[in-house]
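Build me a structure from this.
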Amino acid sequence: MRKRDALKLHNGDQCQVRIDPGEWVEAQVLSATKCPDGRGGTRVLVEVTGKQCGYVVMDHTDIR
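Numbers count the residues shown, from 1 in each chain. Purely as a prediction, here's the structure:
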């Protein structure tokens, strides 16, 4: 997912996360996204939970 699209994710949004190379599972966003480097950083972290992956903090590149 692109960074600007990841910044629009909110609590309760449905998404798919990559748990293994080539394996995507359904998940739900738990809270607002976070930029560890500030608003201008290159990474966006998203807290998600799902039946197959549990609670995970994912990088925006591993979400679709």
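
what residue is smack in the middle of this structure?
By C-alpha atoms, centre = their mean, the chain has its centre lying nearest to Val46, at 3.8 Å.

Across the sheet, point out what pairs with that one.
For Val46, the beta-bridge assignment (DSSP bridges) gives partners Met58.

OK, contacts around it?
Applying C-beta atoms under 8 Å, 6 or more residues apart in numbering, one finds that Val46 lies in contact with Ala6, Leu9, Cys15, Val29, Thr33, Lys34, Val57, Met58, Asp59, His60, Ile63. In this view, the C-beta of every residue, glycine as well, is placed from N, C-alpha and C.

Quick one: buried ones out of those?
Neighbour-count burial (16 or more other C-beta atoms under 10 Å) is assigned, among those, to Ala6, Leu9, Cys15, Val29, Thr33, Met58, His60, Ile63.

Can you tell me the SS state at Asp5?
For Asp5, the assignment made with DSSP: H, G, I helix; E, B strand; the rest coil gives helix.

Number of residues surrounding it?
Counted with other C-beta atoms under 10 Å, the neighbours of Asp5 add up to 12.

Can you show me the CA trace of the helix or strand bottoming out on mean pLDDT in the chain as PDB?
Within the chain, confidence by mean pLDDT, DSSP states H and E is lowest for helix 3-6 among all helices and strands, at a mean of 88. Below are the C-alpha coordinates for helix 3-6, written out as PDB (Å, rounded to 0.1, in the frame of the first residue of the first chain):
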ATOM      1  CA  LYS A   3       2.100   5.700   2.200                       C
ATOM      2  CA  ARG A   4      -0.600   8.300   1.600                       C
ATOM      3  CA  ASP A   5      -3.300   5.600   1.400                       C
ATOM      4  CA  ALA A   6      -2.000   4.000   4.600                       C
END
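
Cys28 reaches Val17, doesn't it?
Check again: residue 28 is Gln, not Cys. No - using C-beta atoms under 8 Å, Gln28 is not in contact with Val17; the gap is 10.0 Å.

circling back to that earlier point, need the contacts of Val46 in TSV with distance to Thr42, can you?
Formatted as TSV, the contacts of Val46 follow (distance: C-beta to C-beta, whole Å):
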residue	distance to Thr42
Ala6	12
Leu9	17
Cys15	20
Val29	20
Thr33	14
Lys34	13
Val57	16
Met58	15
Asp59	10
His60	10
Ile63	15
